[in-house]
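1. Curious how this folds, go ahead:
(chains A, B and C)
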Amino acid sequence: MGVYSETFEVRTKGKGTYEITDEVQGIVAQSKIAAGTATVFVRHTSCSLVIMENAAPSARRDLENFFERLVPENADYEHDDEGPDDSTSHIRMALTRTSEVIPIADRKLQLGTWQGIFLFEHRRAAHQRKIVVTVMGD
Amino acid sequence: MGVYSETFEVRTKGKGTYEITDEVQGIVAQSKIAAGTATVFVRHTSCSLVIMENAAPSARRDLENFFERLVPENADYEHDDEGPDDSTSHIRMALTRTSEVIPIADRKLQLGTWQGIFLFEHRRAAHQRKIVVTVMGD
Amino acid sequence: MGVYSETFEVRTKGKGTYEITDEVQGIVAQSKIAAGTATVFVRHTSCSLVIMENAAPSARRDLENFFERLVPENADYEHDDEGPDDSTSHIRMALTRTSEVIPIADRKLQLGTWQGIFLFEHRRAAHQRKIVVTVMGD
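-> Next up is the predicted model:
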């Protein structure tokens, strides 16, 4: 049994979903761990993680539009020091995920055919986002 | 420390919640791991996981009806190649969970009295769903 | 590699978010595990976990108010044996998290600057809540 951990950064250019599957798989390969789990964790409260359909961009646009309607920026929030996307970012993050754990076998993430790992950016402005991947197993 | 992994399948018969606690507990018992964690992971983007009240079916019906209202099929989605339950399935999945990690002690899942693990199927048609359980610990 | 597990309790005084970061960090320090993961798990279906902005209480009030509107108590639920906050508690739990996995390095939780771990209580009455922390790693 062993532990291997690496942090990588993603440069986002405003709201949307950004695929990070290759980065996570690269760290799994680097770890030399054949079987176990990879824990993906975002170190932020205004972006989040989601495992989503990786083929049709229209599926992701529907997801992004749904969140715009569900947590609208033009509602009445108390916390808006950083603009209309301040509290909405935290709420959208809370409705999705900060950590995700994916099984590993044969040194590969055991994702289904249509599953991709995405960073879900909730801020309008560009951001540098830190993601920690912890691989544990044999 | 050791790793034990097994995949099992669930046959769903349309939308709803399907309890999988016994299947997961069976794999934990099989693993011979006494203390650690069990990671449950669904390999799909149109169904998800939820830990839910395991006694009253009415609590689960309320949950299922809430999701019908929150993410309605008769809304305007761009991604509908596979029918009106296409994008809604992905959105409902994103609002719940793809992975869940449960502590193990004395070779048993440390669930609370009222907690059951459920597969949450978001598709109208019957599906064969693959769930990976990874047990790690001593 | 090793496993260390501890359960602690939080006394809640009605709906709201209660920070538990220090309790989780204390268990990580106690574990003597320097690198790996801490899995936080709530053994209940009417409260949940959320990693949230830890500085401004107004951000958490916006989150709490959002959930009051999204899952209103005055809607029509079938499961209301324990009052108007019965089904709403389970639904709010399902929309947030039962387990959260946080990376550890140098015996510390690798949370971002603004991240705190919170118990999200969905019940009006006071409750004693059990949280299991499982630390695994080297």
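
2. hey, let's count contacts and neighbours off CA atoms from now on
-> Noted.

3. Could you tell me which residues of chain A lie near chain C?
-> Contact residues (CA under 8 Å from any CA of the partner chain) of chain A with chain C: A:1-3, A:5, A:39, A:41, A:43-45, A:77-79, A:87, A:90-91, A:94-96, A:98-101, A:132, A:134, A:136.

4. what mean pLDDT does the longest helix anywhere in chain A have?
-> Ranked by residue count under DSSP state H, the longest helix found in chain A is helix A:57-70. Summarised as a single mean, pLDDT over helix A:57-70 is 98.

5. Can you name every helix or strand that that helix contacts?
-> strand A:16-19, strand A:47-53, helix B:86-95 (3 or more CA pairs under 8 Å, 6 or more residues apart in numbering or on different chains; DSSP states H and E).

6. quick one: which of these is nearest B:Ile33?
-> In terms of CA to CA, the element of the helices and strands packed on helix A:57-70 nearest to B:Ile33 is strand A:47-53, at 28.4 Å.

7. then that closest one to CSV, C-alphas only?
-> What follows is strand A:47-53, C-alpha atoms only, in CSV (Å, rounded to 0.1, in the frame of the first residue of the first chain):
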residue,chain,number,x,y,z
CYS,A,47,-15.8,26.4,-8.1
SER,A,48,-16.5,22.7,-7.8
LEU,A,49,-16.2,19.3,-9.3
VAL,A,50,-18.7,17.3,-11.3
ILE,A,51,-18.4,14.0,-13.2
MET,A,52,-20.4,14.6,-16.4
GLU,A,53,-21.2,13.4,-19.9
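
8. ok, now how distant is whichever residue of chain A sits closest to chain B from B:Val24?
-> Nearest residue of chain A to chain B, counting by CA to the nearest CA: A:Gly112, 4.4 Å away. Distance of A:Gly112 to B:Val24, given as CA to CA, to the nearest Å: 19 Å.

9. Compare neighbour counts for the two and give me the winner.
-> Taking neighbours as other CA atoms under 10 Å in any protein chain shown, A:Gly112 and B:Val24 compare with B:Val24 leading, 25 against 13.

10. which residues sit in contact with that one?
-> Residues near B:Val24 by CA atoms under 8 Å, 6 or more residues apart in numbering or on different chains: B:40, B:133.

11. Surely it is in a helix?
-> Yes. Assigned with DSSP: H, G, I helix; E, B strand; the rest coil, B:Val24 falls within a helix.

12. wait, does stretch A:82-89 contact chain B?
-> No. Contact of stretch A:82-89 with chain B (CA under 8 Å from any CA) is absent, the minimum separation being 14.8 Å.

13. In contact with the residue of chain A closest to chain B, which residues are there?
-> Under the criterion of CA under 8 Å, 6+ apart, the neighbours of A:Gly112 are B:43-44.

14. I'd like a version of the helices and strands packed on helix A:57-70 in a markdown table, one that adds mean neighbour count, distance to C:Ala105 and mean pLDDT as further columns.
-> A markdown table is the format used below for the helices and strands packed on helix A:57-70 (neighbours: other CA atoms under 10 Å in any protein chain shown; distance: least, CA to CA, whole Å; pLDDT from 0 to 100):
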| stretch | mean neighbour count | distance to C:Ala105 | mean pLDDT |
| --- | --- | --- | --- |
| strand A:16-19 | 20 | 26 | 98 |
| strand A:47-53 | 25 | 21 | 98 |
| helix B:86-95 | 24 | 29 | 98 |
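
15. So which of those is nearest C:Arg60?
-> Nearest of these to C:Arg60, taken as CA to CA: strand A:47-53 at 15.9 Å.

16. Contacts made by the closest one with the rest, please.
-> So strand A:47-53 is contacted by A:41-42, A:59-60, A:89-90, A:92-93, A:96-100, A:114-123, B:45, B:90, B:94, B:98 (CA under 8 Å, 6+ apart).

17. out of those, which are buried?
-> Neighbour-count burial (16 or more other CA atoms under 10 Å in any protein chain shown) applied to the contacts of strand A:47-53 gives A:41-42, A:59-60, A:89-90, A:92-93, A:96-100, A:115-123, B:45, B:90, B:94, B:98.

18. how about the residues of chain A that lie near chain B?
-> Within chain A, the positions near chain B by CA under 8 Å from any CA are A:1, A:35-37, A:50-53, A:56, A:58-59, A:61-63, A:66, A:95-96, A:100-103, A:110-115, A:137-138.

19. at 6 Å instead, please
-> When proximity is defined as CA under 6 Å from any CA of the partner chain, chain A approaches chain B at A:52-53, A:58-59, A:63, A:95-96, A:101, A:111-112.

20. farthest pair in those residues?
-> Greatest spatial distance among these (CA to CA): A:Ser58 and A:Val101, at 25.6 Å.

21. out of these two, which sits in the busier spot?
-> Between A:Ser58 and A:Val101, counted using other CA under 10 Å, the more crowded position is A:Val101 (22 against 15).

22. host element of that one?
-> In the assignment (DSSP states H and E), A:Val101 maps to strand A:99-105.

23. Going by contacts, tell me the helices and strands next to that strand.
-> Counting contacts by 3 or more CA pairs under 6 Å, 6 or more residues apart in numbering or on different chains; DSSP states H and E, strand A:99-105 packs against strand A:36-42.

24. Helix or strand: which one has A:Thr12?
-> Secondary structure from DSSP H and E places A:Thr12 in strand A:2-13.

25. Show me what that strand is packed against.
-> If you count contacts as 3+ CA pairs under 6 Å, 6+ apart, strand A:2-13 packs onto strand A:126-137.

26. With that, I have no additional questions.
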